[in-house]
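Undergrad: pasting a predicted model and its sequence here:
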Amino acid sequence: MPDLFATHRSLLDRALERRAQGRTTAALLAVPPIDQATAKAQVDALHDRRFPLPGIRARDWLGAEASPYGVDLGIRYPVRSTTAVVAAASAAQPAWRATALDRRVGIALEAVRRWASEAPLLAGAAMHGSGQPWPMAAAGGTVDALERGLDALAAAYETLRTGDAQPAGVAAVLAGMVSPAGRVWPSILANLVCGNVVVVAPQPAAVLALALSVRTFRDVLAAAGAPADAVQLAVAPGAGGELARDPAIRVIDDATAPVLGVNPVVIESTRDLDGLLAGLARAITRFSGQGALSPRVVLAPSEGAFTDRGPVGFLEMGRRLAAAVDRLLADQSATDSLCGALRDAAVLDAITTCRGYGRLVRASTPIGLTDFPEARTASPLIMATHGSAESVYGVERAGPITFLVRTGDVGEAIERAAWIAQESGASRLVVHSQRDHVVEAAGDALGSAGITLSCGDPGDTDRTMVDGHPPIDEAFVRRGLGA
């Protein structure tokens, strides 16, 4: 096999340069066109079949993936006990640890290139595993995840070539259902470059994207004459918990919990209320409120919002927000590309429960998706409540549930927004005001909480799911290194 480090050196150099310049979102990888029809055909070809992994012999096959889009994938994966999986990884550790750094990096770069070439299939798998709408699965769940993985690889190489740290040993990567590749690919690549071997444990309902990833990496390892068992897939029931308790596991990267937050929005004054509400409607509808940046609480003074055309009352503002959501969902193409499916059936129970909390502004109803009539869906529920009901609106909930909160004045709105952001978590707090002292007060209230203060259209939060992931820095890499 050719010298993979030399083959991909220019890509590595560009990734290192990108890190040095702080341009971690600049695209470097060549990715084929990601067409939904192609992706669907490729995923459909795997339905109701066994999914063999190179070099793995198994007596038992297991599969329980039911897509939130209402599709039973019927794919069966090779099952071994978690003990056997860890033992195989441990046996590969000495040879992989002894592999020169440049060679490990070359193999990892070749795996990234192969993943990029398989982007349509990986995007289709991400869509069914996470419930993401197609544009999100193709972009944030695949293309951006590949660039994030490349960044982690470059960070690991950067750290190791300037130090003498040793590999920690066997790393367990416990995957979640939201953007599994975006959380897992960086961990796989950083650990392998560091000289660790990796065991990947997917969620039972979201195996395919990571099984594809592991299969490709094992192929690359075998073709390079390296131990394929350096990358393992653990799908036995309870594998994640068993790995977390196994003393042979030296690194645990737990990505099972979704990265969410309340992400409050404060509205005090604006030149264009209808435009603001249209952006907010899109933000609460996108991925059915399951995104890392989905706003879940909107706070406003009791007198409502001040605009160039005069004040708009609190309840009238709620009515206009509901109307903006209705207009958005009346466009079937927007619905198909924006909403996605509910990955967790418990969200439907939460919607029912929250209908009893306050005054109904907009009822949640099922959403019809053109290609997936059996998908598990729900449109945004909007409830109005008062500022003292923190136990109602100050709770992190995944799903299309938004609370419109009435406060005594804008000062109270900012205080409550900052409080719930710090207590319940938030990626950012958005403040809409034409008055400098209001924006300054919001900045003072957040203090050093590490929460981003934004002033602008909440529709700008219409980003990919890479938002909310841990940063790729030296600390991220050093989790995989020993003393």
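TA: That came in fine, so what should we check first?
Undergrad: please enumerate the strands of the stretch 151-300 of the chain.
TA: Secondary structure of the stretch 151-300 of the chain, counting by DSSP state E, counting those that start in this stretch: strands at 170-174, 197-201, 231-233, 249-254, 265-267, 269-270, 297-301.
Undergrad: need those in JSON lines (columns: distance to residue 395, mean neighbour count and mean pLDDT).
TA: Using the backbone N, CA and C atoms, a C-beta is placed for each residue, glycine as well. Output for the strands of the stretch 151-300 of the chain, formatted as JSON lines (distance: least, CB to CB, whole Å; neighbours: other CB atoms under 10 Å; pLDDT from 0 to 100):
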{"stretch": "strand 170-174", "distance to residue 395": "25", "mean neighbour count": "26", "mean pLDDT": "95"}
{"stretch": "strand 197-201", "distance to residue 395": "28", "mean neighbour count": "27", "mean pLDDT": "97"}
{"stretch": "strand 231-233", "distance to residue 395": "35", "mean neighbour count": "26", "mean pLDDT": "97"}
{"stretch": "strand 249-254", "distance to residue 395": "22", "mean neighbour count": "18", "mean pLDDT": "92"}
{"stretch": "strand 265-267", "distance to residue 395": "16", "mean neighbour count": "28", "mean pLDDT": "94"}
{"stretch": "strand 269-270", "distance to residue 395": "27", "mean neighbour count": "18", "mean pLDDT": "92"}
{"stretch": "strand 297-301", "distance to residue 395": "10", "mean neighbour count": "25", "mean pLDDT": "95"}
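Undergrad: JSON lines please, covering these and showing distance to residue 210.
TA: Shown next, in JSON lines, are these (distance: least, CB to CB, whole Å):
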{"stretch": "strand 170-174", "distance to residue 210": "9"}
{"stretch": "strand 197-201", "distance to residue 210": "5"}
{"stretch": "strand 231-233", "distance to residue 210": "7"}
{"stretch": "strand 249-254", "distance to residue 210": "13"}
{"stretch": "strand 265-267", "distance to residue 210": "34"}
{"stretch": "strand 269-270", "distance to residue 210": "43"}
{"stretch": "strand 297-301", "distance to residue 210": "33"}
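Undergrad: what's the closest of these to residue 65?
TA: Distance to residue 65, taken as CB to CB, is lowest for strand 231-233 among those, at 13.7 Å.
Undergrad: quick one: strands adjacent to that closest one?
TA: Strand 231-233 has its sheet partners listed here by DSSP bridges as strand 197-201 (parallel).
Undergrad: need the residues that contact the strand it pairs with.
TA: If you take CB atoms under 8 Å, 6 or more residues apart in numbering as the criterion, strand 197-201 is touched by 85-86, 89-90, 92-93, 96, 169-175, 184, 187-188, 191-192, 210, 213-214, 227, 229-235, 239-240, 243, 249.
Undergrad: so where's the stretch 351-483 of the chain uncertain?
TA: 447-450, 456-471, 473-474, 476, 480, 482-483 (pLDDT under 70).
Undergrad: which parts of the stretch 151-300 of the chain are helices?
TA: For the stretch 151-300 of the chain, applying DSSP state H, counting those that start in this stretch gives helices covering 180-194, 208-223, 239-245, 273-285.
Undergrad: now render those helices as CSV, adding distance to residue 308.
TA: What follows is those, written out as CSV (distance: least, CB to CB, whole Å):
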stretch, distance to residue 308
helix 180-194, 41
helix 208-223, 48
helix 239-245, 54
helix 273-285, 9
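Undergrad: right, so those: which one is the most enclosed?
TA: Each of the helices of the stretch 151-300 of the chain was scored by mean neighbour count; the highest is helix 180-194, a mean of 28, by mean count of other CB atoms under 10 Å.
Undergrad: got the angle between that one and strand 170-174?
TA: Helix 180-194 and strand 170-174 are oriented at 170 degrees to each other (axes from the mean of the first three to the mean of the last three CA atoms, to 10 degrees).
Undergrad: and helix 180-194, what does it pack onto?
TA: Packed against helix 180-194 by the contact rule (3 or more CB pairs under 8 Å, 6 or more residues apart in numbering; DSSP states H and E) you find helix 101-117, helix 119-130, helix 144-160, strand 170-174, strand 197-201, helix 208-223, strand 249-254, helix 474-478.
Undergrad: can you put the ones you listed in TSV and add distance to residue 282?
TA: Below are the helices and strands packed on helix 180-194 laid out as TSV (distance: least, CB to CB, whole Å):
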stretch	distance to residue 282
helix 101-117	30
helix 119-130	19
helix 144-160	19
strand 170-174	32
strand 197-201	34
helix 208-223	26
strand 249-254	32
helix 474-478	32
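Undergrad: and these, which one is worst for confidence?
TA: Lowest mean pLDDT of the helices and strands packed on helix 180-194: helix 474-478, a mean of 70.
Undergrad: before we move on, the earlier item: which stretch among the strands of the stretch 151-300 of the chain comes nearest residue 72?
TA: Residue 72 lies closest to strand 231-233 among the strands of the stretch 151-300 of the chain, at 20.8 Å (CB to CB).
Undergrad: what sits up against the closest one?
TA: By CB under 8 Å, 6+ apart, the residues outside strand 231-233 that reach it are 53, 77-78, 85-86, 88-89, 188, 192, 197-200, 202, 210-211, 214, 217-218, 221.
Undergrad: what's the burial count for residue 237?
TA: 12 (other CB atoms under 10 Å).
Undergrad: show the pLDDT at it.
TA: pLDDT, residue 237: 92.
Undergrad: then residue 310?
TA: Reported pLDDT for residue 310: 86.
Undergrad: so what does it have for phi and psi?
TA: Here is the backbone geometry of residue 310 (degrees, to the nearest 10): phi 110, psi 170.
Undergrad: report how many residues lie close to it.
TA: 6.
Undergrad: next: the one 3 residues further on.
TA: Residues within reach of residue 313, counting by other CB under 10 Å, total 13.
Undergrad: got it, and residue 46?
TA: Neighbour tally, residue 46, other CB under 10 Å: 18.
Undergrad: grab the nearest non-local neighbour of it.
TA: residue 75 (5.5 Å; CB to CB, 6 or more residues apart in numbering).
Undergrad: if I pick that neighbour, what's in contact with it?
TA: Taking CB under 8 Å, 6+ apart as the test, what residue 75 contacts is 46, 47, 48, 49, 50, 51, 63, 65, 207, 208, 211.
Undergrad: quick check: residue 165 touching residue 196?
TA: No. With contacts counted by CB atoms under 8 Å, residue 165 stays clear of residue 196, the gap being 11.5 Å.
Undergrad: the more surrounded of those two?
TA: residue 196 (26 against 16).
Undergrad: how about that one, what does it touch?
TA: Here residue 196 is in contact with 93, 96, 167, 168, 169, 170, 171, 250, 251, 480 (CB under 8 Å, 6+ apart).
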